[in-house]
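Novice: Below is the sequence, then the predicted model.
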Protein chains: 2
Amino acid sequence: MPTTITDVAARSGVSSATVSRVLQGSPRVSPAALERVQAAIAELGYRPSGVARSLRRQQTGTLGLIVTNINNPFYPEIVRGAEDAAQRMGASIILCNAAEDPEREIAYLDLLLERRVDGVIVAAGGLTKRHEDFLSAFPSPLVLINADLPGGQVPAVLSDDEAGGRAAADHLLELGHTRLIHISGPAVREAVSLRLDGVRAAIAASDRAVTLEVVEGDGYLAGGLAARQVAERLQPPYAIITHNDVTAVGAMHALFELGIRIPDEVSVVGFDDIALAAFTNPALTTVAQDKYAMGRLAVETIARLRSGEAVTGNQVLPVHLVVRRSSGPAR
Amino acid sequence: MPTTITDVAARSGVSSATVSRVLQGSPRVSPAALERVQAAIAELGYRPSGVARSLRRQQTGTLGLIVTNINNPFYPEIVRGAEDAAQRMGASIILCNAAEDPEREIAYLDLLLERRVDGVIVAAGGLTKRHEDFLSAFPSPLVLINADLPGGQVPAVLSDDEAGGRAAADHLLELGHTRLIHISGPAVREAVSLRLDGVRAAIAASDRAVTLEVVEGDGYLAGGLAARQVAERLQPPYAIITHNDVTAVGAMHALFELGIRIPDEVSVVGFDDIALAAFTNPALTTVAQDKYAMGRLAVETIARLRSGEAVTGNQVLPVHLVVRRSSGPAR
DNA sequence: GTGAAAGCGCTAACAC
DNA sequence: GTGTTAGCGCTTTCAC
């Protein structure tokens, strides 16, 4: 049994109210009492119960952060941004890893509600109908990352996926490429079609004849292996745009296994700019998202929501192209 | 304000005690009452307060998991193993990312204590003296992953690092290599010296003259770049053993930039077998740790501790070499 | 089978 | 400046 505030009160010869005041750093405590209470706390190794405090205050000082899959190196940066922002406002984060399982995502949502967290951030990407119903009736401050709900009632933090797709395609078109392959992510994710829209827009704006082929991936390493089938039937030069960097790593691996040289024969452009992107062989050209800012912004939005502000609609963050070695002139 | 048990009781015309019984699935409830209560719960969208329940029961159903750095792809698998095991016993995980900051690690330990978690798992690697003092007096069930405390009072889950280092070196020696470079991790981690010990043991057991050079890395991509300095002064063939896979990726990148071919000129062997290892170019030969099992085992150990069992000492998990394409004969 | 009531550890009026 | 007290939402004897 941990020591309680009553134990401390008894030991220092004051009431529990005074101990509580010391705990809050209230100025209405005499120096003598203050000292005795602090001594008792130290001697007893007392630590106030967050559980009791939460019950009394009707707030827990915790935020839930649900992440599609912590295995995807895209997410840890979001987590860091959220953690740092939360720490600044004296809150802590309960991180929930849905492990790519929508049921688990909903189960966690339920759990967080039961734990009476002060707010929830969902960094999910793909929202099913069930999610929509559940989330739009969510009884706690809620912010989405890289996903949004119809109606814009739930505030969301997004990257400018369309502009990103456009930047990637523009870059390849400028290099003289006229055959583009897009390895997409799972169709449920909104970002997938937005990035593809951007690619299409860039092609439409170009004055050359450009072909685009879309291959469905899964957003993971395995999805990138679709590049193998592409490579087996196409003659270079051509260029591959992937839904994200992890897919690009898979694609580059497939090309490597077939002895195809990047970028001499085939160019590859990713999306996200994960830490690894600068270290692939060759280093990956990619569209950078400000992942850290997304996490931070989501937490700050929760704070505004809690302060009574009526935040709705999307906050769209800019992206930018990072040119490395995996993309080169078509020849 | 969320609805409370009292609201449900009023609505269904029973006492809160009966509602509570329904919540627990107690058999001592009449069918009629059961039905009315369930209806009221559904109509009100009632969800019991985990906070109040925790205060009353004196347990929270949560486990804290502190991780050195969630950015390191080694950890997510541990998280998954822990999450799955926790779910099986009806608990949930509060994941804390120390972001490579020992102070933050201690701050989280404090926080978890305050939140009255039922147990704490620390997957840290490098323990400072302050950690030792803090952890050996930790007033809550505690299990370490990939680290251990002097005295063996705190149970720990470890990989057989020494055997892993030996397996990596043996493999290279069999391939005919006589010049080994070890790019280590930060010296504070115990695993670092154990893996190196294994390498040395393999060399000692060999009947050929083998040289070993140790270069200190940081366990991250940047640390692997030390391979550049090595490559600039050494003539192939030689072989590099890295502290972990992330370091190996950095090293392979440095070699690639210098135009050195792997494994024709230089062999590289990693440690961990992260998901990415099968997708580097060339695919990485590495020593696999059973990361998922480590997370699972840690949670199971917490459960045993909580049931009153006196678990101490280390549980060492076997590792095994996975031969891929980054290692080849010395020539 | 059901209800009354006490109490988990804390905070926040409210009195003095 | 300090103490008394009520109560946050739940569970759990103890009666009946």
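Specialist: Noted; the coordinates are in hand.
Novice: The nearest residue to A:Asp245 once chain neighbours are set aside: how many residues sit nearby?
Specialist: Here the nearest residue to A:Asp245 in space, its sequence neighbours aside, is A:Gly270; by Cβ to Cβ, 6 or more residues apart in numbering or on different chains that works out to 4.0 Å. (C-beta placed from N, C-alpha, C; glycine too.) The burial count assigned to A:Gly270 is 33, neighbours taken as other Cβ atoms under 10 Å in any protein chain shown.
Novice: hmm, stretch A:286-295 in reach of chain B?
Specialist: No: no part of stretch A:286-295 sits close enough to chain B to count as contact by Cβ under 8 Å from any Cβ of the partner chain; the gap is at least 11.0 Å.
Novice: how far away is the residue nearest to A:Asp245 from B:Leu55?
Specialist: Relative to B:Leu55, A:Gly270 is positioned 49 Å away (Cβ to Cβ, to the nearest Å).
Novice: Repeat that for A:Ser184.
Specialist: In this structure, A:Ser184 and B:Leu55 are 49 Å apart, going by Cβ to Cβ.
Novice: And A:Arg88, by the same measure?
Specialist: 28 Å.
Novice: go on, A:Leu255?
Specialist: When distances are taken as Cβ to Cβ, A:Leu255 and B:Leu55 turn out to be 58 Å apart.
Novice: So if I had to pick from these two, which one is more boxed in?
Specialist: In this comparison of A:Leu255 against B:Leu55, neighbours counted by other Cβ under 10 Å, the higher total goes to A:Leu255 at 24 against 19.
Novice: wait, does stretch A:15-27 contact chain B?
Specialist: No: Stretch A:15-27 is not in contact with chain B by Cβ under 8 Å from any Cβ; minimum separation 11.3 Å.
Novice: so how far is that stretch from its chain's centroid?
Specialist: 39 Å (Cα atoms, centre = their mean, to the nearest Å).
Novice: State the number of residues packed around the spatially closest residue to A:Thr128 that is not a sequence neighbour.
Specialist: Leaving out its chain neighbours, the residue that sits closest to A:Thr128 by Cβ to Cβ, 6+ apart is A:Pro102, at 5.4 Å. Residues lying near A:Pro102 (other Cβ under 10 Å) number 16.
Novice: What ranges does the stretch 151-300 of chain A have for its strands?
Specialist: Per DSSP state E, counting those that start in this stretch, the stretch 151-300 of chain A has strands spanning A:156-159, A:179-184, A:211-216, A:238-242, A:266-272, A:285-288. These are given in chain order.
Novice: Please tabulate those strands in CSV and include mean pLDDT and distance to B:Gly61 as additional columns.
Specialist: Conversion of those to CSV gives the following (pLDDT from 0 to 100; distance: least, Cβ to Cβ, whole Å):
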stretch, mean pLDDT, distance to B:Gly61
strand A:156-159, 96, 30
strand A:179-184, 97, 40
strand A:211-216, 96, 40
strand A:238-242, 98, 41
strand A:266-272, 98, 35
strand A:285-288, 98, 40
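Novice: Of those strands, which is nearest B:Pro141?
Specialist: strand A:156-159 (37.2 Å; Cβ to Cβ).
Novice: I'm done for today, thanks for sticking with me.
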